[in-house]
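>>> coords please:
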Amino acid sequence: MLTSKEYAEKNGTTCPHCSGNNVGTEGSLDAYAGYIQQDCKCRGCDAKWTDEYKLVGYSTDGEYDD
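Residues are numbered from 1 along each chain as shown. This is a model prediction of the structure:
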């Protein structure tokens with residue numbers, strides 16, 4: 001089983017439970033104060049977890065403004 005840090009280092013493309021790469025999202029994005037959550041599921045082992053994304057800024061015309 002991957003730790004949360006290991007999962008993030010793999011950019012969320014690997015199941016944290018079985019290390020398989022057949023993962024997908026379920027439902028919609030849920031926004032909260034400064035972060036977003038997305039439910040995920042592994043199609044290989046049926047594990048479920050939640051990805052968390054932190055707001056770091058915004059972009060206009062495809063360019064990131066910092």
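>>> Report how many residues lie close to the closest residue to Ser19 other than its chain neighbours.
Once flanking residues are discounted, Ser19 sits nearest to Leu2: 6.7 Å by C-beta to C-beta, 6 or more residues apart in numbering. C-beta coordinates here come from the backbone N, C-alpha and C atoms, glycine included. Neighbour count of Leu2, defined by other C-beta atoms under 10 Å: 15.
>>> Quick check: closest non-adjacent residue to the spatially most central residue of the chain.
By C-alpha atoms, centre = their mean, the mean C-alpha position of the chain lies nearest to Asp51, the distance being 3.5 Å. Of all residues not flanking Asp51 in the chain, Gln38 sits nearest, at 4.6 Å (C-beta to C-beta, 6+ apart).
>>> re earlier: hang on, isn't the residue nearest to the centre of the chain packed against Lys41?
No - using C-beta atoms under 8 Å, Asp51 is not in contact with Lys41; the gap is 10.9 Å.
>>> Quickly list what's touching both of the two.
Thr25 (C-beta atoms under 8 Å, 6 or more residues apart in numbering).
>>> circling back: helix/strand/coil for the residue nearest to the centre of the chain?
Under DSSP: H, G, I helix; E, B strand; the rest coil, Asp51 falls in the strand class.
>>> so where's the protein shaky on pLDDT?
Scanning the chain for pLDDT under 70 picks out the ranges 63-66.
>>> Helices along that one, start to end?
Shown for the chain, the helices assigned by DSSP state H span residues 4-9.
>>> where exactly do the strands run in it?
In the chain, the strands defined using DSSP state E lie at 23-32, 35-42, 48-54, 58-60, 63-65.
>>> Which stretch among those strands is buried most, on average?
When the strands of the chain are scored by mean count of other C-beta atoms under 10 Å, the highest mean neighbour count falls to strand 35-42 (a mean of 16).
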